[in-house]
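Asks: sequence and predicted model, in that order:
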Amino acid sequence: MGKGHKAVRKNISYAAAATLLIMAVVFLYTRPHKLSGTLDAFTYENGEISGETIVTFDGKLKRELFSSREQSYVGSFEIACLEKSCREGAEAEISWSEGNRQFISWFYKGSFYFASDFLGIEKIEADEQMKDIRLYLSDGRLIHASALTESISTNSGV
């Protein structure tokens, strides 16, 4: 074997190793992470506390590949004062997009629903680890859940 042939083999080995390294980084970056927690929450009407509730979630959080901000959560998202969210089989998807836009939708009994149609949620504001969640309802109420009183568990295991 000539020197040129050895150099080509060596370059192919380097390229294969670099490709495997890139694939491993992509896999680790986009791999879903378990996210679960229970948060105490208050409901507000006209800026005043009108009640208490609990928000419980258990699902997976996944980052999008080519974005530093885009990610989505899929799993249970139960709001005790909104009965439909607690139904067996109800599953939420919360998406965070560039520009700090967030969307929430529901899947229930094989159907897709916008949160405004299914639960009357007009807007959601939540941090990426769901330690602070604000739900603005179509009837004017606000539900604010915060991890200041409860712990959130995150686990990188699937």
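Replies: Done, it's in.
Asks: let's verify A92: helix, strand, or coil?
Replies: Three-state call for A92 (DSSP: H, G, I helix; E, B strand; the rest coil): strand.
Asks: likewise for A15?
Replies: Going by three-state DSSP: A15 is helix.
Asks: if I look at it, how far off is S76?
Replies: Remark: distance between A15 and S76 (Cβ to Cβ, to the nearest Å) = 44 Å. All C-beta atoms are positioned from the backbone trio N, CA, C, and that covers glycine.
Asks: and if you look at S95?
Replies: According to Cβ to Cβ, S95 stands 16 Å off from S76.
Asks: can you give me the strands for the protein?
Replies: 33-45, 48-63, 71-79, 91-97, 101-108, 111-114, 121-126, 132-137, 142-146, 152-155 (DSSP state E).
Asks: dump the ones you listed into TSV; add mean pLDDT and mean neighbour count as well.
Replies: Putting the strands of the chain into TSV (pLDDT from 0 to 100; neighbours: other Cβ atoms under 10 Å) gives the following:
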stretch	mean pLDDT	mean neighbour count
strand 33-45	93	18
strand 48-63	93	16
strand 71-79	93	20
strand 91-97	90	19
strand 101-108	89	16
strand 111-114	90	12
strand 121-126	92	17
strand 132-137	95	19
strand 142-146	94	20
strand 152-155	40	12
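Asks: turn those into a markdown table, columns for distance to L20.
Replies: What follows is these, written out as a markdown table (distance: least, Cβ to Cβ, whole Å):
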| stretch | distance to L20 |
| --- | --- |
| strand 33-45 | 23 |
| strand 48-63 | 21 |
| strand 71-79 | 25 |
| strand 91-97 | 30 |
| strand 101-108 | 35 |
| strand 111-114 | 38 |
| strand 121-126 | 36 |
| strand 132-137 | 39 |
| strand 142-146 | 42 |
| strand 152-155 | 26 |
